[in-house]
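K.L.:
Mind looking at a prediction? Sequence and model below.
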Amino acid sequence: MNDVVGGTPVAITFCPLCGTGIVFGRIVNGEALTFGVSGRLYKNDLVMYDHQTESYWTQLLGEGILGFYHGTRLKVFTGATLAWSQWRDLHPDSQLLDRPVDNQGRFLLDYGYDPYGAYASSSEIWFPQGNVDPYQVLHPKELVLGVVLGGRERAYPESTLETERVVNDVLGGVPLLVTFADGGMKAWERGERTFVPGPGTTAVDERVAPR
């Protein structure tokens, strides 16, 4: 989806094969690019193209992989995947992307259709890249929260976060708080504080938590 939010041209992207939802800035070299879906895959991920130069971009990295913009990286903006009811409670004045309907009010597309069916729950990998976990510590389709800080990368499995709820970590020299609440995984800079799970879906500063 190509849009303008708060005066900034952005591309809201999602790959149904690997489940990645990422928001990118569309300004490159002073020009607002317009993106579309190429129908191709690169390392199990959707490949976008820009209408201006027809360069190919990997959706997972926001990087040009073929054409004029080969090697160029798009700016990544903060995004969140959560239930519409949660977002509406947090931002009640938000606009919602409408789904086109015909003159009888029926959706033009079947938005409930999953083109990959049960692939997400299957242990099969259609296009293995040589990095499949041979010890099967995690299900190969396990959802993870990926964080990159200070040149270091780390993945936090959803199954672990769902149990722990709150993880205090340090990545790339940055103290990090990783949380799970209402099905959503998030990472925060925590400074010098350490957190523990609080009532409901909250996290509490350990120094003031009841004992």
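P.N.:
Done, it's in.
K.L.:
For the rest of this, base every contact and every neighbour count on C-alpha atoms.
P.N.:
Will do.
K.L.:
domain parsing for this protein?
P.N.:
Structural domains annotated on the chain: 2-77, 143-211, as defined by automatic domain parsing.
K.L.:
quick one: buried residues of stretch 36-48?
P.N.:
Buried positions in stretch 36-48, judged by neighbour count with 16 or more other CA atoms under 10 Å: 36-37, 44-48.
K.L.:
Filter these down to the ones in helices?
P.N.:
Secondary structure of the buried residues of stretch 36-48 is defined by DSSP state H; no position falls in helices.
K.L.:
Which of the domains of the chain comes out lowest on mean pLDDT?
P.N.:
Ranked by mean pLDDT, the domains of the chain end with domain 143-211 in last place, scoring a mean of 90.
K.L.:
still on that earlier bit, tell me the one of the buried residues of stretch 36-48 nearest V196?
P.N.:
When the buried residues of stretch 36-48 are compared for distance to V196 (CA to CA), D45 wins out at 35.5 Å.
K.L.:
Hmm, the closest one is touching L17, no?
P.N.:
Yes - the pair D45 and L17 qualifies as a contact (CA atoms under 8 Å) at a distance of 6.8 Å.
K.L.:
Tell me, how many residues neighbour the closest residue to E189 other than its chain neighbours?
P.N.:
Computed as CA to CA, 6 or more residues apart in numbering, the closest residue to E189 that is not its neighbour in sequence is L176, at 4.8 Å. Other residues lying near L176 total 22 when counted by other CA atoms under 10 Å.
K.L.:
gap between L176 and Q104?
P.N.:
Here the criterion is CA to CA, to the nearest Å. By it, L176 lies 51 Å from Q104.
K.L.:
what does E164 give?
P.N.:
Looking at E164 against Q104, where the rule is CA to CA, the gap reads 48 Å.
K.L.:
And stretch 4-19, end to end?
P.N.:
Start to finish, the residues bounding stretch 4-19 are 23 Å apart (CA to CA).
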